[in-house]
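1. Here is a sequence with its predicted model. Questions after.
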Amino acid sequence: MIRTNVPQSVRKVSALVGVAGLFVLAGCSSAADAETDKGTGTDSPSTSADSNAGAATYADGTYTADGSYQTPETVESVTVTLTIADGVVKEVEVTGDPQAPETEQYQSKFIGGIADEVVGVALDDLKVSRVSGSSLTSGGFNAAVESIKEQAAS
């Protein structure tokens with residue numbers, strides 16, 4: 001039998017890191033539960049009714065905003081135009097102005113796939129993380145959506 005001796009300080013640090021990891025995971029769970037619980041009310045029996053109630057706070061119309069995001073090479077931006085009716089996205093248009101050749105490729109993929117992700121989604125529920133392999137462009141899109149929410153708030 002081979003026996004290895006691990007210094008006691010290494011064992012203590014490993015144990016502390018493990019415990020800290022559990023607290024972090026527990027904290028994530030509580031935050032997710034709180035967000036889930038936020039949408040449920042005692043006055044409304046269904047979640048779809050809650051979504052529609054929240055969506056009614058936006059004026060119908062077409063809104064445009066810019067959003068920027070950081071890439072390893074530069075800061076990039078996209079322009080987002082959303083048409084909203086009854087608090088739901090009916091149309092989306094995204095245009096980019098890529099500063100780097102690689103960004104052009106990712107923005108093109110994002111622009112090609114974004115409509116499938118957001119059309120028919122309530123504005124309050126709209127947040128994308130990765131579209132057609134492009135994750136950084138989502139940051140600019142989400143920033144523009146936040147600005148649009150402010151514009152459309154009635």
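-> On my side now, so go ahead. This is a predicted model, so every value here is computed, not measured.

2. which of the residues in stretch 141-151 are buried?
-> Under the neighbour-count criterion of 16 or more other C-beta atoms under 10 Å, stretch 141-151 has 141-145, 148-149 buried. C-betas here are computed from N, CA, C, even on glycine.

3. Check stretch 121-140 too.
-> Neighbour-count burial for stretch 121-140 [16+ other C-beta under 10 Å]: 121-124, 126, 128, 131, 134, 136-140.

4. again, but for stretch 61-75
-> Those buried within stretch 61-75 under the rule 16+ other C-beta under 10 Å are 63, 65, 67, 69, 71.

5. of all those residues, which comes closest to Val94?
-> Gly67 (9.4 Å; C-beta to C-beta).

6. What lies in contact with whichever helix or strand that closest one is part of?
-> Per DSSP states H and E: Gly67 is located in strand 61-70. Here strand 61-70 makes contact (C-beta atoms under 8 Å, 6 or more residues apart in numbering) with 75-84, 91, 136-145, 147-148, 151-152.
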